[in-house]
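[1] fold the following.
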Amino acid sequence: MKKNYLTVLLGFIVFYGFSQPGNDDCSSAVALTVSQDINCTATTNGTVLNATASGGATTCGGSADDDVWYTFTAIYDRASITVNNLSSLTSTMQYELYEGSCSGPVVFCATTYNNTFTATVTPETNYYIRLYTVTTAANPPVDTDFSICIVTPPPGISVSTTQYTAQQLVQDIFAAQPGLGITNITASTGSSNNAAGPNGIGYFSQTNTMFPFEDGIVLSTGSAKAAEGPNGNIQSAGTATWGGDADLAAILLTYPDVGSGFNAQNATSLEFDFVGGTAPLTFSFLYASEEYGAFQCDYGDAFAILLTNTETDEVTNLAIVPGTNLPISSYTVRNGAYNSACAGANVSYFGTFHQPGVVDGPMNFNGRTTPFFVDHPVMEGVTYHLKFVIADRTDPQFDSAIFLNGGSFNIGDSVPPDDTIIISPLPPYVLCDADNDGFALFDLAGVYSPLVTAATQGPGNYSITYYESFEDAQNGDNVLSINTGYTNNLALEQTLYVRVNSMINLDMYDIEEFVIKAVPSPIYEDNLPAIATCANSAINLTVNANSLWNINLYDVTYHLTEEHAEAGLNGIEQPETFVPQAGATFVWVRITDPETGCYEVLLQPLQDWAQLIQIQVEGTTAGVIVNDAFSYTYALNGVATQQTTFTLPDLNYCSNTLTVTNTTCNTTTDLFFDIYPPAPTGESPQTFTQGQTVASLEVEGTGISWFTAAMGGTFLGMDTPLTDGTTYYAAQYIDNCAGIERLPVTVHLVSGLEGNSMATLRCYPNPVKDELKLEHTTTLLSATLYNTLGQQVQHTAINNTQATINLTGVANGIYLLKVQAETGEKVIKVVKE
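    Predicted coordinates:
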């Protein structure tokens, strides 16, 4: 009895205890429902218990010997994936996200325990999740069960590292207004100076009201792009070759409580000069860091905002916690509620904490400060240097960032000193692109340099040079040659840089960017259709404009000479009721884009109405096409009619005359055209016996004549003997008018004995789709299929009284099947469907 119980128990364990999960392989991946918002409305339970390896190397690391698979279809450009309710803390779950298929590219990796990670995805695209524990079979995990769900995060901040240059970020985004005298803009980050790191400088914008700034500049110790919300993963994007910043290290030494032992890594900086204006220096910013929470008690990445008076060399750090002498960091501004290992510090300046995996966070950092507002006095006319710099402390892990509020930098009205050159913002230089290829020749020396001179403030004489990049303008490299003009090398629109240099002091200069544009012209490539004229009658010159151009977008005028059209002078006042002079054959049309002033001049032909009338003949039907600006009467072959479409018997075979009278100007013209008899009708493949002639062929028509070709060829008498496999062509001859179209008839010889000997031949089904059956009382030798042109399509050897002919590969149509037997042969018409 005990043995039987043990057998049953072991069987139960084998069958149930070690059964694999249903989604052990990608082919059986469990479909997950994506929630429409941040709430986990559709949770799926899962396990890796007894899961086996699917094969294939992992991209994200770990041992995938117990992987399971899930799939979902993205509904937004981000998806937040949560793995929860693990049964123990003894193992970490790893997942890989594949795009498109199980073997597609891995677009995201994550190691998760009761957490959420957000991946960038493509809407309406299928994704596959490969989920496994990082332990191996030799060290199996205790935790095997979990739950998984996918939610849709709300939009957070968006970041672009390519939309603006450093100069544009400062002058167009950070500055409150143009003309603040900002010069010498430089930037440094992981992607510059051969640091082999990410770009830590970018433009941010947002529509999520949880973030206090609408847009601005982000400076990060990692990837600026990775700052996009929500707070899905820890940022640690730096590299060992991306070093620190000497100015930051020096200023931190003045704060021994927090700056001693600071080893800067992954420094990002943005700096520029400006001239003190009529108001204090003002702007706003905030600080964000991944060190908030777990490491706020021990570490503090550092940043500084260094303002230098270039006349006195006095340096002031503007990034100080108000009311203290402490630089702002996650160590000096923190809330103890998010790490009980230390008390809070300057808590009133701590903003918000975003728990990793909480998908409604607007940025990908654990926490941030409140916005800080700088209001610092500056002296009018004095040049200052302002540097924003941030760096990781000790190692590249756990990134931090500064967010500069867009449009907040202000100094009032800039007052340039006597030894300063300042260029005011410059207008774009716009040219009409004559051939619409996106390129034009810009006269920078003759046309644009005077504008630059007028926009420049500064002492003495100066030189003007142009460059394709800001770096070249700063260094004076690769000066553009403009004596014969400059052709843009980027289609439609390109940014150039102008440098104005003092001729007295070569170190005194300013650089300003401007845009050159090759604006498309309103080109109409083809010749304009002629407008019909009629003696001294009024015509409407606008008929083509109404159909060929969007007259709501362009100004269209009409002129008697090309010179007037080019100059835009003396336009015809009433083009809708224009009476052309006798013999006039042209007017000129000017099409102008009112927004750009670009225009095109086209020739508009004028042609007598009778030359524009057309007769269209199709078979035995003819129709007249006239200009509907006039009224007409008609006579066909001398008989008055009001019809404009004519058929038999009103038409004659061969010669016809249509007389058209223009009653508007009382003039008449004759149109001559021919109608030919159609081809006869009849079966195209036909059979004959030895000795028969073309007279034996069966076709229907009048005055049948036979020829050797579809056109031309040799006329055949009715006693012409038929030849097997030959195609003959039949035409009608009616009322002394020979038809042009001919009916082809291909003939096949059949034995005269087939009547009795082949009477028992069965051929079915007919019409046939795929297989044709043949049955006969004597042995069938072969079956050969011909098309209507007499060409062999298929040959089948049989040597049996029954056969199946496979016609699967034969196109639909009518064919002749020649069946040969021991006792004779027979030709059968077969219809393939």
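
[2] tell me how far stretch 595-615 lies from the chain's centre.
    Distance of stretch 595-615 from its chain centroid, counting by Cα atoms, centre = their mean, to the nearest Å, is 37 Å.

[3] then stretch 199-206?
    Remark: stretch 199-206 is offset 23 Å from the chain centroid, using Cα atoms, centre = their mean.

[4] CA atoms of that stretch as PDB?
    Provided in PDB are the C-alpha atoms of stretch 199-206 (Å, rounded to 0.1, in the frame of the first residue of the first chain):
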ATOM      1  CA  ASN A 199      25.900  65.200 -24.900                       C
ATOM      2  CA  GLY A 200      24.900  66.700 -21.600                       C
ATOM      3  CA  ILE A 201      23.500  70.000 -23.100                       C
ATOM      4  CA  GLY A 202      20.000  70.300 -24.500                       C
ATOM      5  CA  TYR A 203      16.800  72.200 -24.900                       C
ATOM      6  CA  PHE A 204      13.900  71.100 -22.800                       C
ATOM      7  CA  SER A 205      10.200  71.900 -23.100                       C
ATOM      8  CA  GLN A 206       7.100  70.500 -21.400                       C
END
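
[5] V830 reaches V768, doesn't it?
    Yes. The pair V830 and V768 passes the contact test of Cβ atoms under 8 Å, sitting 6.5 Å apart. Glycine gets a C-beta too; all of them are placed from N, C-alpha and C.

[6] number of nearby residues for the nearest residue to S424 once chain neighbours are set aside?
    Nearest residue to S424 in three dimensions, chain neighbours excluded: A455, at 4.3 Å (Cβ to Cβ, 6 or more residues apart in numbering). Residues contacting A455 under the criterion other Cβ atoms under 10 Å number 18.

[7] how about T645?
    Considering only other Cβ under 10 Å, T645 is surrounded by 9 other residues.

[8] return the residues in contact with it.
    Counting by Cβ atoms under 8 Å, 6 or more residues apart in numbering, T645 touches T621, A622, G623, V624.

[9] correct me, but T777 touches E822?
    No. Contact between T777 and E822 fails when scored by Cβ under 8 Å: they sit 10.2 Å apart.

[10] roughly how far apart are the residue nearest to S424 and I422?
    9 Å (Cβ to Cβ, to the nearest Å).

[11] and stretch 572-585, end to end?
    16 Å (Cα to Cα, to the nearest Å).

[12] going forward, count from 43.
    New numbering, starting at 43: the last item is stretch 614-627.

[13] what's in contact with that stretch?
    575, 578-584, 599-602, 629, 647-649.

[14] ok but T526 is inside a strand, no?
    No. T526 is assigned coil when assessed by DSSP: H, G, I helix; E, B strand; the rest coil, not a strand.

[15] next, count neighbours for it.
    Around T526 there are 9 residues (other Cβ under 10 Å).

[16] now swap in Y140 and tell me
    Y140: 21 neighbours (other Cβ under 10 Å).

[17] before we move on, what about the one 5 residues further on?
    S145 is flanked by 9 other residues according to other Cβ under 10 Å.

[18] hmm, back to that, for the residue nearest to S466, report the pLDDT, please.
    As predicted, A497 sits at a pLDDT of 85.

[19] check N308 too.
    So N308 comes in at 90 (pLDDT).

[20] list the contacts of it.
    With the criterion set at Cβ under 8 Å, 6+ apart, N308 makes contact with 232, 239, 242, 263-264, 280-281, 284-286, 433-434, 438, 441.

[21] what do you get if the cut-off is 10 Å, keeping everything else the same?
    231-232, 237, 239-240, 242, 262-264, 278-287, 343, 432-435, 437-439, 441-442 (Cβ atoms under 10 Å, 6 or more residues apart in numbering).
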